[in-house]
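Q: here is the input, now give the coordinates:
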Amino acid sequence: MPVVSNTSPILNLAIIGRLSLLSQQFGAIHIATGVLEELRVEEDLPGSEAIREAIASQWLIVAPIENTPFVQLLRQNLDRGEAETIALALTMQADWTLLDELEGRRIARSLGLNITGILGILLRSWRMGELSSIREEMNQLRDRAGFYIAPALFRQILTETGEIDDP
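A: Take a look at the predicted model:
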């Protein structure tokens, strides 16, 4: 079950201390070299230590990009990490591609990739009983990681999980 991730799910989960959710749900996660560079693991930043440990434990695997012309084509609309993530996912025939950015998700879907993002990962963990509160995790994402969650989506998720009564 190959899974390929962009920067956002890895970095934001690492910042809030939930990076292990990725290995629990998917086992190994593959990332492109451009994503590794965006993660800036050599710097002392929030989440960097957890990401370095995931790489050392070999469940976060850096994979080379083979189809560079396709990456260049995707770079017309996407940043390097997103373009390389999509190219790697297609090459590996990934079961899941982890992306949060709207345009990247749109393009990946148009190419037939199965997409989920950080909120989907949190919901899946909640459904599996690994998280007691989605509200707490989403608040951590917003407050500690600076991750934007549209108010309507925030409310929709809380309604779905029963942490808010009125839809």
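Q: my read: residue 13 touches residue 24, true?
A: No: with contact defined as Cβ atoms under 8 Å, residue 13 does not reach residue 24; the gap is 11.0 Å. Every C-beta, even on glycine, is put in place using the N, C-alpha and C of the backbone.
Q: more neighbours, the two?
A: residue 13 (28 against 15; other Cβ atoms under 10 Å).
Q: contacting residues for that one?
A: Contact analysis of residue 13 by Cβ atoms under 8 Å, 6 or more residues apart in numbering lists 19, 21, 22, 47, 118, 121.
Q: and what of residue 59?
A: Contacts of residue 59 by Cβ under 8 Å, 6+ apart are 22, 23, 27, 28, 29.
Q: ok, now how distant is it from residue 125?
A: 16 Å (Cβ to Cβ, to the nearest Å).
Q: now do residue 166, the pLDDT please.
A: Listed pLDDT for residue 166 reads 56.
Q: what residues of the helix or strand harbouring residue 49 count as buried?
A: Here residue 49, judged by DSSP states H and E, is contained in helix 48-56. Neighbour-count burial for helix 48-56, counted by 16 or more other Cβ atoms under 10 Å, picks out 48, 50, 51, 54, 55.
Q: low-confidence ranges in the chain?
A: 165-167 (pLDDT under 70).
Q: all strands of it, in order?
A: Taking DSSP state E to define them, one finds strands in the chain at 3-5, 29-32, 60-63, 96-98, 115-116.
Q: and for the first one, what are the contacting residues?
A: So the one you mean is strand 3-5. By Cβ under 8 Å, 6+ apart, strand 3-5 touches 22, 26-32, 35, 63, 85, 88-89, 92, 94-99.
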